[in-house]
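Asks: From the sequence below, what's the structure:
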Amino acid sequence: MTQTFAPRVFSGIQPTGNLHLGNYLGAIRNWVDMQHEHECVFCIVDLHAITLWQEPEALRRGIHEMAAALLASGIDPDRAVLFNQSQVHMHAELCWILMCTARMGWMQRMTQFKEKSGKDKEGASVGLFGYPVLQAADILGYKATHVPVGEDQKQHLELSRDIAQKFNTDYGVELFPLPEPVIQGPATRVMSLRDGTAKMSKSDPSDMSRINLADDADAIAQKIKKAKTDPEPLPGDVAGLESRPEARNLVSIYAALAGTTAQAVLTEFEGKGFGAFKPALADLTVSVLAPITARFRELCADPGYLDAVLAKGAERADAIAAPILVEVKRTVGFLGKGL
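Replies: This is a model prediction of the structure:
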């Protein structure tokens with residue numbers, strides 16, 4: 001008899017500073033929508049962050065800033081579970097158990113390790129190599145059934161499914177569900193304003209490549225005005241954007257901010273140049289981000305409140321994860337209190 005699992009959403013986000021429009025449209029806003037429809041566990045993944053060395057004070061600041069961004073964007077800590085990963089011991093413990101389930105061949109196929117380690121694989125941390133197993137522990141430790149992911153994370157979710165399947169098979173149980181990906185929205189992958197083929201990123205040396213969550217209206221308008229485009233007017237259908245990455249990116253951003261489709265945007269602006277489109281995009285961006293930015297700044301000025309929210313979320317997360325970890329330990333054959 002196949003076990004059925006109660007629907008539960010899990011997603012994690014890096015505690016990066018310099019939050020930008022890509023973070024908001026690619027993940028955060030979707031989380032805000034999902035919390036009203038599902039049981040959601042949202043995690044600021046500080047354990048993942050240290051796979052690359054972090055300056056401790058910057059890491060603490062990054063955790064606070066991400067918590068502030070999530071709350072300012074509309075995450076309700078009384079509705080969704082919001083916490084930072086290192087406060088719940090299940091993540092590290094289950095990661096080790098699943099390390100013993102995952103296979104080296106699976107890990108060596110992970111493209112993100114190759115990209116992040118570059119030519120210095122010998123100098124990369126073991127944690128960076130094992131990063132996807134910690135991701136699996138994050139998801140499976142809550143028996144999550146659905147995971148919002150970007151296109152670049154689908155391979156890691158497939159690994160989580162493989163690990164869950166192997167654990168279940170090895171021990172003859174149906175302990176873990178096989179989590180399904182949830183890819184939402186017209187702008188799940190927001191690209192750079194300077195290069196429509198590169199993802200919007202805080203690591204880009206040009207601040208003009210991204211719209212930061214803390215940017216004021218003038219900065220947003222200036223960045224959109226100077227965003228790279230081409231001389232052609234906007235087409236009447238999406239197919240006309242196929243070989244125009246910068247135009248496609250701006251249309252996609254507009255559609256996501258307006259809660260509509262790229263086709264609807266093109267229908268409205270067909271035949272118009274970017275001289276008309278960019279001011280409309282700037283006005284829309286400011287109208288959406290201004291209240292979020294104001295609240296974000298307020299919350300960043302109150303770290304005590306943020307600590308309290310994260311501590312309460314960690315207690316709620318542990319209440320879900322601790323019994324599942326006990327179940328895993330019992331299945332594996334460990335002995336100890338509560339087993």
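
Asks: Only C-alpha atoms from now on, for both contacts and neighbour counts.
Replies: Noted.

Asks: I'd like the average pLDDT over the longest helix seen in the chain.
Replies: Ordering each helix of the chain by length in residues (DSSP state H) puts helix 303-332 first. Average pLDDT, helix 303-332: 98.

Asks: Below-threshold pLDDT in the stretch 51-200 of the chain: ranges please.
Replies: Low-confidence segments of the stretch 51-200 of the chain (pLDDT under 70): 116-118, 150-152, 184-188.

Asks: Which of the helices or strands spans F83?
Replies: Secondary structure from DSSP states H and E places F83 in strand 81-84.

Asks: How about residues contacting that strand?
Replies: Contact with strand 81-84 is made by 40-46, 63, 309-314, 316-317, as judged by C-alpha atoms under 8 Å, 6 or more residues apart in numbering.

Asks: Can you give the distance of it from its chain's centre?
Replies: Chain-centre distance of strand 81-84: 14 Å, with C-alpha atoms, centre = their mean, to the nearest Å.

Asks: What residues does L47 make contact with?
Replies: Taking C-alpha under 8 Å, 6+ apart as the contact definition, L47 lies against 85-86.

Asks: One more: the one 5 residues further on?
Replies: Applying C-alpha under 8 Å, 6+ apart, we find L52 in contact with 125, 128.

Asks: Would you double-check that it falls in a strand?
Replies: No: with DSSP: H, G, I helix; E, B strand; the rest coil as the criterion, L52 is coil rather than part of a strand.

Asks: all helices for this structure, in order.
Replies: Assigned helices in the chain, in chain order: 21-23, 29-34, 46-49, 56-73, 90-99, 104-108, 111-117, 126-140, 154-171, 217-225, 245-258, 262-269, 274-300, 303-332 (criterion: DSSP H).

Asks: Identify the residues contacting the first one?
Replies: Residues from elsewhere that reach helix 21-23, judged by C-alpha under 8 Å, 6+ apart: 189-191, 200-201, 210-213.

Asks: Ok, stretch 203-218 next?
Replies: Contacts for stretch 203-218 (C-alpha under 8 Å, 6+ apart): 18-22, 192-195, 200-202, 220, 223, 226-227, 286, 289-290, 292-293, 296-297.

Asks: hmm, back to that, mind putting the contacts of helix 21-23 into JSON lines with neighbour count and distance to E55?
Replies: Below are these laid out as JSON lines (neighbours: other C-alpha atoms under 10 Å; distance: C-alpha to C-alpha, whole Å):
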{"residue": "R189", "neighbour count": "21", "distance to E55": "28"}
{"residue": "V190", "neighbour count": "26", "distance to E55": "27"}
{"residue": "M191", "neighbour count": "25", "distance to E55": "27"}
{"residue": "M200", "neighbour count": "22", "distance to E55": "23"}
{"residue": "S201", "neighbour count": "22", "distance to E55": "19"}
{"residue": "R210", "neighbour count": "27", "distance to E55": "23"}
{"residue": "I211", "neighbour count": "26", "distance to E55": "24"}
{"residue": "N212", "neighbour count": "23", "distance to E55": "21"}
{"residue": "L213", "neighbour count": "22", "distance to E55": "22"}
